[in-house]
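A.B. asks: sequence first, then the predicted structure, then my questions.
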Amino acid sequence: MVSGAPGRFSMSSEAEGLAGLRAWLRGALGDLGVERAVQAELVLAVGELCANSIEHAYEGRAGQPIHVSVAGHADRLVIEVEDFGRAFDRSRYTEPDLDSLPDHGLGIHLVHRIADSVAIDVARESGTRWTLVKYRPGAGIGRRRRAVVSLRRHHRHRRDVPGRDHGGGSPGATSTWPRRSR
């Protein structure tokens, strides 16, 4: 089952619904004035999250709900992807080794590379809500955030960086990437 309305799309957990999701999202982003290259990136990121909901949250069970919403603001886009299956467990996620040919983990990696900000909410009765923020060109915020993330990635293996969070945090809490569990 697939249904869409301006700003919101609902589908059930079947891979066949992903094509409809992608078409709806391209249209919604186009209506918000998002340039085609950014549309393609966001369609990829949201498609990956929905595919993960199908495969991991619902473990392939058909007929389960997945909701996607898009909100346009003057300086940013906010996209939420929500499922009600098994919650994302960050402690089980392993960054892919990009020097090899990874067989898992690339979707989440791509989501974090595409979005300017990613929040994960698992402090719910069930499921996961992913909130992606993409700043519009000229907002300036996205460029500053990317510089900070690049610096964090550069220092992620160093334990001597002042103010660096090396801890995990509550596994059931809302968190913002790139804070990592160890």
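C.D. replies: Here it is on my side, so go on.
A.B. asks: now do the strands in the protein.
C.D. replies: Applying DSSP state E to the chain gives strands spanning 2-5, 8-12, 65-72, 76-83, 117-121, 128-135, 175-176.
A.B. asks: so for the fourth one, what gets flagged as buried?
C.D. replies: Of the residues in strand 76-83, those scored as buried under the neighbour-count criterion (16 or more other C-beta atoms under 10 Å) are 76, 77, 79, 80, 81, 82, 83. For every residue, glycine as well, the C-beta is placed using N, CA and C.
A.B. asks: let me see the contact set for the last one.
C.D. replies: Residue 83 is in contact with 13, 53, 57, 58, 64, 65, 66, 67, 127, 128, counting by C-beta atoms under 8 Å, 6 or more residues apart in numbering.
A.B. asks: want to throw those into a markdown table with neighbour count?
C.D. replies: Shown next, in a markdown table, are those (neighbours: other C-beta atoms under 10 Å):
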| residue | neighbour count |
| --- | --- |
| 13 | 23 |
| 53 | 26 |
| 57 | 23 |
| 58 | 22 |
| 64 | 19 |
| 65 | 16 |
| 66 | 26 |
| 67 | 17 |
| 127 | 21 |
| 128 | 22 |
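A.B. asks: where in the chain is the helix or strand with the lowest mean pLDDT?
C.D. replies: Every helix and strand in the chain was compared by mean pLDDT, DSSP states H and E; the lowest is helix 141-155, with a mean of 44.
A.B. asks: okay, now the unreliable bits of this protein?
C.D. replies: 1-6, 140-182 (pLDDT under 70).
A.B. asks: using CSV, write out every CA atom in the longest helix along it.
C.D. replies: In terms of residue count, the longest helix belonging to the chain (DSSP state H) is helix 36-52. The C-alpha coordinates for helix 36-52 follow below in CSV (Å, rounded to 0.1, in the frame of the first residue of the first chain):
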residue,chain,number,x,y,z
ARG,A,36,18.2,18.2,-9.1
ALA,A,37,21.6,17.1,-7.8
VAL,A,38,20.5,17.6,-4.2
GLN,A,39,17.2,15.9,-5.0
ALA,A,40,19.1,12.8,-6.3
GLU,A,41,21.2,12.7,-3.1
LEU,A,42,18.2,13.0,-0.8
VAL,A,43,16.2,10.4,-2.7
LEU,A,44,19.1,8.0,-2.3
ALA,A,45,19.4,8.7,1.4
VAL,A,46,15.7,8.3,2.1
GLY,A,47,15.5,5.2,-0.1
GLU,A,48,18.3,3.6,1.9
LEU,A,49,16.6,4.4,5.2
CYS,A,50,13.3,2.9,4.0
ALA,A,51,15.1,-0.2,2.6
ASN,A,52,16.8,-0.6,6.0
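A.B. asks: nice, that's everything, thank you.
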